[in-house]
Structure formats: structure tokens, C-alpha cells
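*Asks:* Return atomic coordinates for the entry below.
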Amino acid sequence: MQLTYSQDGSLSLKAKQTTVVVDGEFKIGDLKLPGPGEYEAGGVFAEIQPDIAHFHLEEMVIVYLEHSKRSVTEAELEHLENVDVLMVAIDSAAKDELQTVTKLIKEIDPKVVVLVGMTDPTAFAKVDGETPEVVTTLKLMPADLPAEGRTVYLLTV
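*Replies:* Numbers count the residues shown, from 1 in each chain. Purely as a prediction, here's the structure:
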């Protein structure tokens, strides 16, 4: 799977069989997902809720959090077990927002975190203590996932 973030703010997850696009809406290939619900297309299973998308593709569980300013409920957290890749849209480098993001990351406990929408990796490092690796394209396969710990990336244009 290959992740890219474009100038217009859209996020693409290119898999072998199809591409998932997140740009305010969710699309799997040519299929525009109309709203909350469960969908399956092009080898991708998707569960869409307000602000949260849960994708199963290429033997990985990928979660996208659209608004990092809100907390995740206990019921949502239970549903977010065994997350391989957590993608978080960040609107600003404000300390309070980054603290909320850090709390979400620790609660969800993914193997890989992909931050999108921010430009300064040091702002995240000041809150979390770990400087994200800055990438313009991120290629991930199940074998690339860390066995222990967590890897953090900042996906930029």
C-alpha cells in the first residue's frame, strides 16, 4: 500500500486492486461512499462513522481520524482494537490539539501513526517526545509493521 497526501488536502491509499481516497468524502475506486455504514469494494472493507473511517486492506487495519480535536468514546475505542496504521488529520500545531492527538495515539495503540495536515515535525516532538519521520510518500506492507513499539510519520505534500 502506498500513502500520499496532495496539495488539495486529499489523502490516497493506493492498494494493489484499488485506491481509497479521503478528501472530505470517502471513495473506494470509483465508488463514493454516501455516509456512515459498512462497504466492500475492490478488496477493501470499510466501516464509516462520523469523523472515523476503518479500512481493512492488504491484510492491514487502517483507521483515519478526521477531526483530532474530539475525544474517542469508549465504545469507539473498543472497536479500534488491533489497529496497524492510524492516520490523523491535524488542523494546527497548537499544543492542546497535539496533546489530544498524543492521547488518542496512546489509547488506540497503533503500530504506525501517520500525521497529515501539519508541516512542522518538531511541534509534535515537543508534545510527544518523538520526532516524526517526514515523508512525501509512504509505502507499507504488513511485513513493514514494527513488531514492538510504534513508528510515527508526517506525510507531507
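
*Asks:* Tell me where the model's unsure across this protein.
*Replies:* Counting by pLDDT under 70, the chain shows low-confidence ranges at 67-70.

*Asks:* Chain neighbours aside, what residue packs nearest to A89?
*Replies:* G117 (4.9 Å; CB to CB, 6 or more residues apart in numbering). From N, CA and C alone the C-beta is placed, and that goes for glycine too.

*Asks:* distance of that neighbour from E74?
*Replies:* 26 Å (CB to CB, to the nearest Å).

*Asks:* Compare those two (neighbour count), which wins?
*Replies:* Taking neighbours as other CB atoms under 10 Å, G117 and E74 compare with G117 leading, 17 against 9.

*Asks:* Next, the residues that contact the longest helix anywhere in the chain from outside, please.
*Replies:* Among all segments of the chain classified by DSSP state H, the helix with the greatest residue count is helix 95-108. Under the criterion CB atoms under 8 Å, 6 or more residues apart in numbering, residues 63, 65, 68-72, 77, 80, 83, 86, 88, 90-91, 113, 115, 123-124, 126-128, 150 lie in contact with helix 95-108.

*Asks:* Do a quick rundown of the strands in the chain.
*Replies:* Along the chain, the stretches classed as strands by DSSP state E are 2-5, 11-14, 19-22, 26-28, 31-33, 37-41, 44-49, 52-57, 60-65, 85-89, 112-116, 133-135, 137-139, 151-155.

*Asks:* Dump these to TSV, plus distance to K103.
*Replies:* Supplementary listing: these in TSV, determined by distance: least, CB to CB, whole Å:
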stretch	distance to K103
strand 2-5	23
strand 11-14	22
strand 19-22	22
strand 26-28	25
strand 31-33	28
strand 37-41	28
strand 44-49	19
strand 52-57	16
strand 60-65	12
strand 85-89	11
strand 112-116	13
strand 133-135	21
strand 137-139	23
strand 151-155	15
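
*Asks:* contacting residues for L138?
*Replies:* Contacts for L138 (CB under 8 Å, 6+ apart) come out as Q2, L3, T4, V114, Y153, L155.

*Asks:* Please consider this matter closed, and thank you.
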